[in-house]
Every structure is written in structure tokens, then in C-alpha cells.
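**Q** after the sequence you'll find the predicted model.
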Amino acid sequence: MLRRFCLLLAVFAANPAFAAIQTSAEHALLMDAQTGQVLWQKDGLLAMPPASMSKLMTIDLLFSRLKDGRVKLTDTFPVSERAWRTQGSKMFVELGSRIAVEDLIRGIVIQSGNDACVVVAEALGGTVEGFVAMMNVRAKQLGLAQSTFVNPDGLPDPPGQLMSALDLAKLSRHIITEYSQYYHFFSEREFIWHKIRQPNRDLVIGMLPGADGLKTGHTDAAGYGITVSAKRGEQRLILVLNGLRYPQYKNDYFPNIRRAEEAVRVMEVAFREFRSYPVLQTNQIVGSVPVADGTDPTVTATAAKPLAVTMQVESRPGMKTQLKPLPGLAAPIHLGQRVGTLVVTAPEFPPLSVPVYAAQSVSKVGLIGGLWNSAKRKVWK
């Protein structure tokens, strides 16, 4: 299944119809946030060093505990010597102090503090190693097939931290949809810690209308990377870029600007070239599917929630839907039971499958009724 999906995306990305989106990034992927559909990609399924973008998994595990009440924003976590000694980008935690969870979130999201990640890891996992095990379990739960974690911060030592652009987009979509009450941290422009004003490293916020997250990253192995989400109207897009190389700049400030400019350019193209088109409304009847041994030979199928699909403007005139019943569907059928799949297709658009459900119950009939329905089904076919 994964190999087939990879081949489909390879053809999809290489098609001249999508030549409007190009990037110097070694890995790139554009996703529709509503459906999770991949709209465009460039080596987006290959595992790569994600650098600090892997901090999104650290944040996910923290947000999950905030959501279920195991942790509160006002809780404080202790700073160990290991956290205090952590190098790279820093929140500048103080040895022996205790820091509020709310401040640690800002230290990770805004300042990309590796030391803050270690504080969170030790508090939630007991040890950094225990937390890394939690990260890998979580990756499997979320279906991040190309992700392997060896630390909570994305530093290159120890080696082996890997994620794909697809995994980063999936994780970002999960954070946006599941933790809406905490997502605002990503769009905050600055963080004041110990009277020091620390600006958000994500320069896309403020440069791109609608941008509200998520995370930047950089190591020598990974290059410069960024995961961006932006919303305009009801349309939200997620973009991942990684492997941007700027060897001509020795000062980190200029590569940060170039990275942001590249992300803004690609997103502007994406919002121009792709549109969200309504397909289904809530409880919309999409057709009927045959039912064996029922008081009725068919059952009406309906969509459980509204659906809009995002595709390139040129693809829209060729959009089609096809209702496919579940094989071997037989009475009794209960209201709300899944009875089939609605498949949405269009030129140069990966097929999208949406489950549909019974709009009413269908009881099982006796022998005579079954024979009569069998005869009617033959005519219906």
C-alpha cells in the first residue's frame, strides 16, 4: 500500500500541471489540513533529519497531558543539570529552578529551547531516555511511518533522529485539530523570559497573511527547514520544507530570512493554485446501496459530516464521485452503520475515499421475503 502511494505521489509531483510549485528545498510537501490530502510533494516520503521541527512531537506529548488534565499550565517542572548543560538553541533555564509549563511551551515553540525540551522530557518520562521511548510509541499511534526519535530536541548528537515531510505534516495537522485551545502558542510573536525579549524564530508569521505556526529547524545535516500552517477563509494549508542550503551566508540571520521568504513564496503559489470545493453537506444523501436479506432491497447512504476537497483549479471541471457499497452487506442494518465508501476523483488528483453510513435501519426478512427481495435485486441490477 505504501509503495503504491509513493508511486502515485511521484507521478503526481512530476506532472507538468503542477510545475507552478517549485522549490530548492530537498524535501517538500503540501497538505490540505481539512482532509489530510497531499496536494504536492518533492521527496516528501523519504526519512530525513528534521532538526528542531521534531520538537513538535515533544509538544504533542505535553499538549496531550494538558488536554486530559494530567498536567496544568501552572504546574512547574524542575531543571536538572542535564537540562541546564544542554547546548544549541536555549531558553536559558536556571539550574535547580522550577519553571511553569506555560513558560516551557513558549521556550520550546518560540525560542526553540533544547534545554526546555529536556526539562519537559524528564518531567513526563522520568528520564530523557524514557521520554524518547514515549515519542516512538506515539509516532506509531499517529501513523508516522518514517519517524524515529533518539532525543526530544532534534540535536544531531546522538545521530538517528529521522522524520519525513509527510510525517511532519501529519503531526502538525494532529496538533492543529486536537489541541486548538493550545495552538495559539505557535503564533505568538515573542517571549519575554528573565526580562529578555526573545522573538519567534518563525519569521513567516507576520510575513504571510493567515500564517499561525508551526516550527523551524536547522542543523548542518538537515539544512534549513520549516513547517508552516496558514488559514485563509475556511481553507488551511500545511507546508513542510527541509534541506534548504545557504552556504554563502555565515550569519544565521540571513538564512532565516531566506527560509521564510521561500516558505512564503511557495504558500502564496499554493493558495493561488488550489481551491477548496464543497462536495458533501452534513447528512446529505449520496445514494443507495444493495442489502441482502432485508425488508428493503437497498439502504440509503449518507455522509456523517460535510466535506470539501482541495485541488488545483484545472482539476475541478473533471471532478466525479462514485458510491461503492461494502462487499457482502446484509440485513440487519442499523441506523448509522457504515455501508459504503464515496470515492472522489479528478484529473491529477489522488483519489479521496470517504465513508458513508446508513440513513435508516433495515430489518432482516424471513425465507419468503428473502426470495422476493432476491428477485427484485436481479431486476434492480
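**A** Yep, it's here.

**Q** which residue packs closest to L95, ignoring adjacent ones?
**A** Among residues not flanking L95 along the chain, W84 sits closest, at 4.2 Å (C-beta to C-beta, 6 or more residues apart in numbering). To be clear about C-beta, it is placed using only N, CA and C from the backbone, and glycine gets the same treatment.

**Q** likewise V264?
**A** In space, V264 is closest to L208, 4.6 Å off (C-beta to C-beta, 6+ apart).

**Q** can you point out the helix or strand that includes the one you found?
**A** For L208, there is no helix or strand it lies in under DSSP states H and E.

**Q** which SSE is the residue nearest to L95 in?
**A** Per DSSP H and E: helix 81-85 holds W84.

**Q** show me what that helix is in contact with.
**A** For helix 81-85, contacts defined as C-beta atoms under 8 Å, 6 or more residues apart in numbering pick out V93, E94, L95, D115, A116, V118, V119, E122, V128.

**Q** may I see the buried residues of that helix?
**A** Neighbour-count burial for helix 81-85 flags A83, W84 (criterion: 16 or more other C-beta atoms under 10 Å).

**Q** change the start of the numbering to 6 and stick with it
**A** All set: I'll call the first residue 6, so the last point we hit is now helix 86-90.

**Q** state the distance from the closest residue to S102 other than its chain neighbours to E127.
**A** Closest residue to S102 apart from its sequence neighbours, by C-beta to C-beta, 6+ apart: V84 at 5.0 Å. Using C-beta to C-beta, to the nearest Å, V84 is found at 9 Å from E127.

**Q** find me the pLDDT at the residue nearest to S102, would you?
**A** Looking at V84, its pLDDT is 97.

**Q** L100 too?
**A** 95.

**Q** so what does V294 have for phi and psi?
**A** Backbone torsions of V294, given as degrees, to the nearest 10, read phi -130, psi 150.

**Q** what about the residue nearest to S102, how many neighbours?
**A** 23 (other C-beta atoms under 10 Å).

**Q** returning to what we had before: the residue nearest to V269 and I231 touch, don't they?
**A** No. Under the criterion of C-beta atoms under 8 Å, L213 makes no contact with I231, lying 11.1 Å away.

**Q** the more surrounded of the two?
**A** Higher neighbour count among L213 and I231: I231, with 27 against 21, using other C-beta under 10 Å.
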